[in-house]
Every structure is written in structure tokens, then in C-alpha cells.
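Mind looking at a prediction? Sequence and model below.
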Amino acid sequence: MTNMLKDKVVLVTGAGGGIGREMALLAAKEGAKVVVNDLGGAVDGEGGGSTTPAQKVCDEIAAAGGKAVPNGDSVTDPAGAERMVKAAVENFGKIDGVINNAGILRDRIFHRMSHMDWKMVIDVHLNGAFNVSRAAANYFKEQKSGAFVHFTSTSGLVGNFGQANYSAAKMGIIGLSRSIALDMAAFNVRSNCISPFAWTRMIGTIPADTDAQKARLERSKKMTPAKIAPMAVFLLSDAAQAAGVSSQIFGVRMNEIMLFNANRPVRSVHMSDGWTLEAIDEIAVPAMKPYFTDLKRSPEYFTWDPI
């Protein structure tokens with residue numbers, strides 16, 4: 001045990017299972033007191049209202065000698081987000097780190113996606129990350145320290161079929177994290193993103209009809225949620241603070257850590273007299289076309305076996 005989070009208090013959302021559970025367990029192992037949030041809902045966001053999954057993780061932490069309290073509020077509820085943060089402050093005296101991990105899936109091909117499919121996924125992933133981060137922000141500002149870790153996805157960074165809602169939410173989280181990092185740097189507050197590759201119950205809902213899809217899912221089973229936890233917990237630590245790690249996007253794929261670039265211009269063209277439609281067609285597009293982003297999906301890009 002390195003105790004990299006000794007004396008810290010951490011809130012982990014969606015921590016009743018999968019990646020969230022592993023992060024909560026490791027944070028506690030590293031010395032943190034943990035608020036374990038999970039509303040006990042289904043992968044598609046239906047149901048909930050049970051703290052049983054969160055309590056089980058708290059029991060595991062207590063059995064290992066750590067301290068944790070459960071919370072069953074929804075991240076979609078701003079008042080619920082406030083209660084999560086207050087649970088940390090009232091039980092442990094403060095809050096030092098937030099991991100925004102809660103998520104659902106409601107995959108549909110775009111022309112079949114309902115407004116409810118769109119709204120529910122945006123509410124949990126993007127609005128939820130805002131709600132919880134905003135609830136903690138004033139505490140971080142007052143104590144002039146704090147760290148946020150948000151979960152994004154290559155479904156947004158690269159792209160995937162049937163996930164317009166999820167992809168949009170996950171790209172929105174990148175913008176949110178960047179804005180938090182900029183706005184709160186003066187208060188010694190950091191914000192980073194992780195794009196995880198791991199087998200969870202959410203991934204288990206993805207259809208596998210072709211041999212290639214089945215092979216990909218089999219590869220995914222090798223990538224356990226426990227492999228994601230070290231990066232997330234490190235990002236909450238004083239070591240990450242000392243290294244100046246903020247506003248970054250990391251990927252974790254089994255034993256591999258990646259750094260993703262942020263969107264920046266890759267090519268520009270100039271026309272001193274201004275652009276006409278014809279000039280755009282004849283000059284601008286041909287000049288930029290070699291730099292166009294292709295339509296590869298995430299599974300087509302990350303093709304190598306997990307290592």
C-alpha cells in the first residue's frame with residue numbers, strides 16, 4: 001500500500017459495480033475515505049432507488065479496514081448531487097476528489113433514436129457530470145484544492161454506430177472538463193478525463209451479430225475494470241497535482257495508457273479576396289482533403305489485442 005490518497009475524501013458516482021466499484025475500492029486502499037454513490041438502476045437507466053449495490057461496496061471497504069458511506073441519489077438531480085457532496089462533508093469533514101463515472105446506455109441507430117433515448121443518456125452522463133462537479137466546486141474553491149476525474153469514451157472521440165446520444169454526451173464531458181480546468185486553475189483545482197476500455201455490464205449489452213463483433217467482445221473480456229482504477233486514483237493524488245496533470249484526456253486499455261490530443265487546426269488555407277463557393281470547391285477542399293478525418297469507428301481503429 002502506497003497511501004497516495006491518505007487523509008483524502010473522495011466521491012465516486014456509479015460505484016456499485018464495474019469500473020466505479022474498482023475505483024472506490026482502490027481509493028480506499030490508498031487511504032481515502034469514500035462516498036460510494038449508486039442508485040441501483042438498470043443499464044438503460046430504468047429502475048433504481050436502491051442503495052444495496054453501494055452498501056455492498058462500502059461493506060467490502062470496511063472489511064478491508066477502510067471507511068466508506070453509501071449514497072443512492074441520482075446524478076441527474078442537482079439536489080441529489082448536493083446530497084452526495086454533503087455526505088462526504090458531514091461524514092468525513094471535507095471533500096477532495098470527485099470521479100464522475102455514473103452512466104447508462106440506450107443505443108439506437110440515429111433515425112430510430114427517440115427523444116427519450118437522447119434525453120436520458122445526456123442527463124446521466126453530461127448533466128450528471130455537471131451537477132456533481134458543480135456541487136463540489138465551491139468546496140474546492142474555498143479550500144483551494146481539489147480534483148475531478150470524468151469518464152469519456154472513444155465512441156465520442158473516434159465514433160461508433162448507434163450511439164449518437166452517448167457520443168454527444170461523452171464529447172460534451174471533454175468540453176466540460178476543459179472548462180473546469182481553465183476556470184478553476186486559480187484555485188489549485190484540476191480536471192481530467194479518462195476513456196476506458198473495459199468489460200462491464202454496459203459493454204455486455206452491445207449486440208454481437210457478426211464473427212468480427214463476437215471476436216471483439218471476447219477481446220474486451222480480457223480488459224477488466226480493475227485495470228482502469230489506478231489511473232483514476234492517481235489523478236486524484238498530490239503526485240498528479242505536483243506533476244501539473246490537468247485538462248488531459250487519457251485512455252486506459254488493459255496495461256496500456258494513452259494520451260489523446262485535443263482538437264486543434266491541422267490545416268488552413270487563405271484567400272486574400274475572400275472565398276467564393278467556386279474557390280472553396282476548387283482550392284480549399286482539395287488542399288484540406290488529405291487531412292480529413294475518416295469515418296472509421298472505434299472498433300476499427302483499436303484493432304490490436306489488449307496487452
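The structure has been received and is ready for your questions.

Identify all contacting residues around the helix or strand hosting Phe148.
Using DSSP states H and E, Phe148 sits in strand 146-151. By C-beta atoms under 8 Å, 6 or more residues apart in numbering, the list of residues contacting strand 146-151 from outside reads 19, 95-101, 103, 129, 133, 136, 139-140, 170, 173, 176-177, 180, 184, 187-196, 232, 235-236, 240-241. To be clear about C-beta, it is placed using only N, CA and C from the backbone, and glycine gets the same treatment.

taking these one by one, which sit in strands?
Among the contacts of strand 146-151, the members found in strands (DSSP state E) are 97-100, 189-196.

Please convert those to JSON lines, extending it with distance to Leu259, neighbour count and pLDDT.
Below are the ones in strands among the contacts of strand 146-151 laid out as JSON lines (distance: C-beta to C-beta, whole Å; neighbours: other C-beta atoms under 10 Å; pLDDT from 0 to 100):
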{"residue": "Gly97", "distance to Leu259": "21", "neighbour count": "27", "pLDDT": "98"}
{"residue": "Val98", "distance to Leu259": "22", "neighbour count": "30", "pLDDT": "99"}
{"residue": "Ile99", "distance to Leu259": "19", "neighbour count": "30", "pLDDT": "98"}
{"residue": "Asn100", "distance to Leu259": "20", "neighbour count": "29", "pLDDT": "98"}
{"residue": "Val189", "distance to Leu259": "21", "neighbour count": "23", "pLDDT": "98"}
{"residue": "Arg190", "distance to Leu259": "16", "neighbour count": "25", "pLDDT": "98"}
{"residue": "Ser191", "distance to Leu259": "16", "neighbour count": "26", "pLDDT": "98"}
{"residue": "Asn192", "distance to Leu259": "11", "neighbour count": "25", "pLDDT": "98"}
{"residue": "Cys193", "distance to Leu259": "11", "neighbour count": "27", "pLDDT": "98"}
{"residue": "Ile194", "distance to Leu259": "11", "neighbour count": "23", "pLDDT": "98"}
{"residue": "Ser195", "distance to Leu259": "11", "neighbour count": "24", "pLDDT": "97"}
{"residue": "Pro196", "distance to Leu259": "14", "neighbour count": "24", "pLDDT": "96"}
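
Make a markdown table from these and add distance to Asp73 to it.
Formatted as a markdown table, the ones in strands among the contacts of strand 146-151 follow (distance: C-beta to C-beta, whole Å):
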| residue | distance to Asp73 |
| --- | --- |
| Gly97 | 18 |
| Val98 | 14 |
| Ile99 | 15 |
| Asn100 | 14 |
| Val189 | 23 |
| Arg190 | 25 |
| Ser191 | 22 |
| Asn192 | 24 |
| Cys193 | 23 |
| Ile194 | 23 |
| Ser195 | 26 |
| Pro196 | 23 |
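
Off-centre distance for the helix or strand harbouring Cys58?
If you go by DSSP H and E, Cys58 is part of helix 52-63. Remark: helix 52-63 is offset 22 Å from the chain centroid, using C-alpha atoms, centre = their mean, to the nearest Å.

what stretches of the stretch 101-250 of the chain score poorly on pLDDT?
Low-confidence segments of the stretch 101-250 of the chain, defined by pLDDT under 70: 199-208, 212-213, 216, 219-220.

so where do the helices sit in it?
115-122, 128-143, 154-157, 164-184, 211-220, 229-235, 238-242 (DSSP state H, counting those that start in this stretch).

and for the first one, what are the contacting residues?
Helix 115-122 is contacted from outside by 44-45, 104-106, 108, 164-166, 168-169, 172, using C-beta under 8 Å, 6+ apart.
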